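>>> okay, structure incoming, though there's no sequence with it:
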Ligand code: F0G
């Protein structure tokens, strides 16, 4: 739609100019630091930082209906910088000029309703937000769009070159970081640290393909994360893990989009979110609170965070009585929800702070954490994939979490759930294949349910001639092959011949 065709009252606001009063706030000592450099921990005390807009109240000068109309109209505007997560520029990172925004096609992922057969099996209506349809096939692109736009802004303003951007990853952060860094050309090079053998081959191929320097380290993600933290303390690098608070801002867009997809009415909704490093859940809570305070949404939805029993520090924290909770990291065991297999989430302090604020504004029955076992995660993934929903193992974890929350009575069948399938099924296809072949037993404790297993059938061709690559086939041989193969397949499928 052309700019002059938009309603007159919205025209001046379609393309936002930089605004707000962004700054880093330390969660420990409360110090505030200017946003004109990249910080990951507080220079005064080493505490974890959040980025806040101290002038956010200006957003309340306009009624919620103004923002709803503005964001809905922006979807029709052909301005690349606003087509992704920056549709919500004023609520996200309002200091970044549109000219510095990197847009690679992230965000505005589809929200798909589960078919009624599946909803009936599960016992509630639900939708899945297909985060695997982002450019690097996971939700991490949202945060990278914000972090790399900010980095791009600093590179341009401060004439930086040869920035080395680093991250540790369970596979998806590294894919997204390498992709977004590669779009900046020579100015930014990325290096990623991966726990060897603990990311899937598809995830490993992504930073390699994007030209990043890839280091494989022994141990699990938590070990690689410690090395990256040391690198960022001692050397001049740009850290792209979710300790980088610009990433959290980008990931808030998930909450804004869910609101938009349901006409900004979230009161009877339940958001189900898998938790690993706790960056995503933090961002979602933060985004919902911002939209609620500016009256963009009618109320706050219920949140159900999900963890595997094999990597459950957040679950263990919240299951303790309120007021007497103690956080302790756990040693993780192999989990099919491998991308969330984290024993010491770096964003935990942010989550503790935000979940308390959330419960204060939405009520005590608004935030829950459930744990699920490996079999339930695999069955969730496979069931969804058999009903038109291409969810990853973490999406399967959400479906298992929905069943667990219904079972525990934390939510009722009259509520509508929105599951976060954080990545594409194809990234985790090796877990599916291992399940089908009955190979998840010893390491993951998952037995194959024969009803969910699926293997290719070999076609019995008897004496028929076989086509060979690179060799032409005589017409009568081709005919004999086609006829034998068609007959064998028809028998296998029990097909009736046409009259
Ligand atoms: N789902 C997927 C597909 C992920 O890649 C991750 C985290 C999570 C869920 C958990 O989200 O960490 O924000 O709580 N992956 C990170 C990575 C840790 O390195 O790719 P979280």
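That came through, no problem. Quick caveat: nothing in here was measured; it's all calculated off a predicted structure.
>>> thought residue 291 was touching residue 258?
No: between residue 291 and residue 258 there is no contact under C-beta atoms under 8 Å: 9.8 Å. C-beta: built from backbone N, CA, C; applies to glycine.
>>> more neighbours: which of these two?
residue 291 (27 against 24; other C-beta atoms under 10 Å).
>>> from the ligand, how far out is the more buried one?
Between residue 291 and the ligand the computed distance is 20 Å (C-beta to the nearest ligand atom, to the nearest Å).
>>> what's the nearest residue to that residue if we skip its chain neighbours?
Counting by C-beta to C-beta, 6 or more residues apart in numbering, residue 291 lies nearest to residue 297, which is 4.8 Å off, once chain neighbours are set aside.
>>> these two touch, right, the one you found and residue 259?
Yes: with contact defined as C-beta under 8 Å, residue 297 reaches residue 259; the gap is 5.0 Å.
>>> so the two - more neighbours on which side?
Using other C-beta under 10 Å as the criterion, residue 297 and residue 259 rank with residue 297 on top: 27 against 24.
>>> can you list the domains in the chain?
111-136+251-444, 140-247, 457-499 (automatic domain parsing).
>>> mind putting those into TSV with distance to residue 9?
Shown next, in TSV, are these (distance: least, C-beta to C-beta, whole Å):
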stretch	distance to residue 9
domain 111-136+251-444	17
domain 140-247	28
domain 457-499	61
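>>> just put the ones you listed in TSV and tack on mean pLDDT.
Below are the domains of the chain laid out as TSV (pLDDT from 0 to 100):
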stretch	mean pLDDT
domain 111-136+251-444	97
domain 140-247	95
domain 457-499	96
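>>> what's the closest of the ones you listed to residue 55?
domain 111-136+251-444 (12.6 Å; C-beta to C-beta).
>>> what about that closest one, how long is it end to end?
Domain 111-136+251-444 has its terminal residues 31 Å apart, counting by C-alpha to C-alpha, to the nearest Å.
>>> could you check the pLDDT of residue 96?
For residue 96, the model assigns a pLDDT of 97.
>>> contacting residues around it?
Under the criterion of C-beta atoms under 8 Å, 6 or more residues apart in numbering, the neighbours of residue 96 are 18, 86, 89, 146, 149-150, 153.
>>> pick out the most distant pair among these.
It's 18 and 146 that sit farthest apart of the contacts of residue 96, by C-beta to C-beta, at 14.2 Å.
>>> what residues does the stretch 151-300 of the chain put near the ligand?
169-173, 274-281 (C-beta under 6 Å from any ligand atom).
>>> brain fart, the stretch 1-150 of the chain
Near the ligand, when you scan the stretch 1-150 of the chain using C-beta under 6 Å from any ligand atom, you find 138, 140.
>>> give the contact list for the residue nearest to the spatial centre of the chain.
Geometric centre of the chain, nearest residue: residue 139, 3.0 Å, by C-alpha atoms, centre = their mean. Residue 139 makes contact with 131, 172, 251, 254, 280, 420, 422-423, according to C-beta under 8 Å, 6+ apart.
>>> where do the strands of the stretch 1-150 of the chain begin and end?
22-26, 32-33, 49-53, 111-113, 126-130 (DSSP state E, counting those that start in this stretch).
>>> save the ones you listed as CSV, and put in mean neighbour count and distance to residue 442 too.
CSV is the format used below for the strands of the stretch 1-150 of the chain (neighbours: other C-beta atoms under 10 Å; distance: least, C-beta to C-beta, whole Å):
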stretch, mean neighbour count, distance to residue 442
strand 22-26, 20, 45
strand 32-33, 15, 49
strand 49-53, 21, 42
strand 111-113, 16, 35
strand 126-130, 23, 31
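>>> for residue 407, grab the count of nearby residues.
11.
>>> strands of the stretch 251-400 of the chain, residue ranges please.
Along the stretch 251-400 of the chain, counting by DSSP E, counting those that start in this stretch, strands occupy 269-274, 302-308, 367-372.
>>> so what's the residue of the stretch 1-150 of the chain found nearest the ligand bridging to?
For the stretch 1-150 of the chain and the ligand, the shortest gap (C-beta to the nearest ligand atom) falls at residue 138, measuring 4.9 Å. On the basis of DSSP bridges, residue 138 is bridged to residue 423.
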